[in-house]
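In: With the sequence up front, the predicted model follows.
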Amino acid sequence: MSFQNPVFIPGPTNMPEAIRKACDMPTIDHRSPHFGTILNPCLDNLRRVLKSRSARIFLYPATGTGGWETAITNTLSPGDKVLAARNGMFSHRWIDMCRRHGLDVEVVETAWGEGIPADRFAEILTADRGHAIRAVLATHNETATGVRSDIAAVRRALDAAKHPALLLVDGVSSIASMDFRFDEWGVDVAVTGSQKGFMLPAGLAILGFSDRAIAASKTARLPRTFFDIEDMAKGYASNAFPYTPPVGLMNGLKLATEMLLEEGLENVFARHHRIAEGVRRAVDAWGLTLCAARPELHSDTVSAIRTPEGFDATRIVTHAAAKYGVAFGTGLGEVAGKVFRIGHLGMLTDVLALSGLATAEMAMADLGLPIRLGAGVAAAQDYYRDEANAVKKAAA
């Protein structure tokens, strides 16, 4: 693999040089006042990225998986019932975690390539007159299939049923790249990580808790120590952590959030949509299809691309890495060998996206797929040129 080439995996993503340098800092006393000048801007900026006025932000030295565990252990008790759809590898893993913690999970089995079936959730929640369901789990962006689910529709299902269940949302591969509305959607816990839209190395689990989730934490009885939000809140009160914090990563996060807010969140989301749409135009020009079943499900951070029946899609990933030094994502779980994934989030531009599309074309052509070199690149170029012209006219 060449360090000169960008990666096109759905995370960890490419790092801006300024953020990499921000993470590379001298040791400081994390119990000194100086740590607060890193911690507090991170918390304030993250609240803005979540589009929330009141969410309580918690940072842990972990990945998104640690964030999932923080969400459930601080809000639920042994034997509690939760509702979830299994429509990809990451929703599957969160369900598995819940079961390992002794929770009773009602799973709505959903085809991989489909989004969360909010209508089915509405039926189940309406029928749950005793309110046995304590939480609804929702994966906003299923990284394995490139599918975006409608979290607002899940909230409408809860509200229509007048159900008090908490709404816990996995936004690991969406937050800071795609529009996420913590307050408007009535999210109770949002989970994300540092290594995707925030353009950092893996190592930070990032969470937002609503007032309802904070209240639930007072009576939740699942075991927790490292991930206890009460301990973390006590640390924050004195500009500290309850244990040693990852200061370098947090310094990088401070800069990353400043960069996102300076670009403007709506501009960030528009950039991701534009790059993703160029990739989708290329896929269509190749004569291939996406795993996502319909356009409204298309993710703006990762595209899972189906290859012809009988062709092992993993060969594209291994060949691109070995011959061209470029990383794409493999298929996972039920779609392993059936799709390869192009990550298009974080530090990415139209020009960088074109280099990934060109490499994918070369790899597929090398392996005998009926791909005409330049077809996908040209389709993406046409789209990017049109978009650039539209932006120029709008600014004139």
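Out: That came in fine, so what should we check first? Numbering: from 1, shown residues only.

In: Dihedrals phi and psi, Arg155?
Out: Arg155 adopts backbone torsions of phi -60, psi -40, taken as degrees, to the nearest 10.

In: Would you mind giving both backbone torsions of the residue lying closest to it once chain neighbours are set aside?
Out: Leaving aside its sequence neighbours, Arg155 sits nearest to Gly186 (Cβ to Cβ, 6 or more residues apart in numbering; 4.6 Å). Yep, even glycine has a C-beta here, placed from its N, CA and C like the rest. Note on Gly186: its backbone torsions stand at phi 60, psi 40 [degrees, to the nearest 10].

In: repeat for the one 3 residues further on
Out: Main-chain torsions, Val189, degrees, to the nearest 10: phi -140, psi 130.

In: list the contacts for it?
Out: Val189 makes contact with 71, 74-75, 166-169, 207-210, 213 under the criterion Cβ atoms under 8 Å, 6 or more residues apart in numbering.

In: For Arg148, grab phi and psi.
Out: According to degrees, to the nearest 10, Arg148 has phi -100, psi 130.

In: How about Thr65?
Out: Torsion angles, degrees, to the nearest 10, at Thr65: phi -60, psi -40.

In: what number of residues lie near it?
Out: Neighbour count for Thr65, taken as other Cβ atoms under 10 Å: 16.

In: now Phe226
Out: Considering only other Cβ under 10 Å, Phe226 is surrounded by 15 other residues.

In: Got the confidence number for it?
Out: At Phe226, the model reports a pLDDT of 98.

In: tally of neighbours for the residue nearest to Arg155?
Out: By other Cβ under 10 Å, neighbour count at Gly186 equals 18.

In: Let me see the contact set for it.
Out: For Gly186, the contact set (Cβ under 8 Å, 6+ apart) comprises 155, 158-159, 167, 210.

In: Report the buried members of those.
Out: Applying 16 or more other Cβ atoms under 10 Å to those, the neighbour count classes 155, 158, 167, 210 as buried.

In: Could you list which of these belong to strands?
Out: Assigned to strands by DSSP state E, the following of those qualify: Leu167.

In: which SSE is the nearest residue to Gly66 once chain neighbours are set aside in?
Out: Among residues not flanking Gly66 along the chain, Ala205 sits closest, at 4.3 Å (Cβ to Cβ, 6+ apart). Here Ala205 sits within strand 204-209, counting by DSSP states H and E.

In: And Ala190, by the same measure?
Out: If you go by DSSP H and E, Ala190 is part of strand 189-193.

In: Any buried residues in that strand, and which?
Out: By 16+ other Cβ under 10 Å, the buried positions in strand 189-193 come out as 189-193.

In: May I see these organised as JSON lines, with distance to His273 added?
Out: Formatted as JSON lines, the buried residues of strand 189-193 follow (distance: Cβ to Cβ, whole Å):
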{"residue": "Val189", "distance to His273": "26"}
{"residue": "Ala190", "distance to His273": "20"}
{"residue": "Val191", "distance to His273": "23"}
{"residue": "Thr192", "distance to His273": "19"}
{"residue": "Gly193", "distance to His273": "21"}
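
In: Can I get these in a markdown table including pLDDT?
Out: A markdown table is the format used below for the buried residues of strand 189-193 (pLDDT from 0 to 100):
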| residue | pLDDT |
| --- | --- |
| Val189 | 99 |
| Ala190 | 99 |
| Val191 | 98 |
| Thr192 | 98 |
| Gly193 | 98 |
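
In: Between which two of the residues you listed is the distance greatest?
Out: Using Cβ to Cβ, the buried residues of strand 189-193 span at most 14.1 Å, a distance reached by Val189 and Gly193.

In: Just the pLDDT for the residue nearest the centre of the chain.
Out: When Cα atoms, centre = their mean is applied to the chain, the residue found nearest the centroid is Ser173 (1.3 Å). pLDDT, Ser173: 98.

In: Can you give me the distance of it to Gly11?
Out: Separation of Ser173 from Gly11 (Cβ to Cβ, to the nearest Å): 6 Å.

In: who touches both of these two?
Out: Counting by Cβ under 8 Å, 6+ apart, the residues touching both Ser173 and Gly11 are 143, 196, 345.

In: can you pull the contacts of the nearest residue to Lys81 once chain neighbours are set aside?
Out: Spatial nearest neighbour of Lys81, chain neighbours left out: Asp104 (4.4 Å); criterion: Cβ to Cβ, 6+ apart. Neighbouring residues of Asp104 by Cβ under 8 Å, 6+ apart: 79-82.

In: again, but for Arg155
Out: Counted by Cβ under 8 Å, 6+ apart, Arg155 has contacts 167, 185-187.

In: Let's have those residues in JSON lines, adding pLDDT.
Out: Below are those laid out as JSON lines (pLDDT from 0 to 100):
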{"residue": "Leu167", "pLDDT": "99"}
{"residue": "Trp185", "pLDDT": "98"}
{"residue": "Gly186", "pLDDT": "98"}
{"residue": "Val187", "pLDDT": "98"}
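
In: Nearest to Leu288 among the residues you listed?
Out: Nearest to Leu288 among those, with distances taken as Cβ to Cβ, is Trp185, at 32.7 Å.

In: The closest one contacts Ala153, correct?
Out: No. The pair Trp185 / Ala153 is not scored as a contact, 9.5 Å apart, by Cβ atoms under 8 Å.

In: Have a look at these two and say which one is more surrounded.
Out: Using other Cβ under 10 Å as the criterion, Trp185 and Ala153 rank with Trp185 on top: 20 against 17.

In: Show me which residues of the helix-or-strand element of the chain with minimal mean pLDDT are buried.
Out: The weakest-scoring helix or strand in the chain, judged by mean pLDDT, DSSP states H and E, is helix 375-395 (a mean of 86). Across helix 375-395, burial judged by 16+ other Cβ under 10 Å covers 375-381, 383-384, 387.
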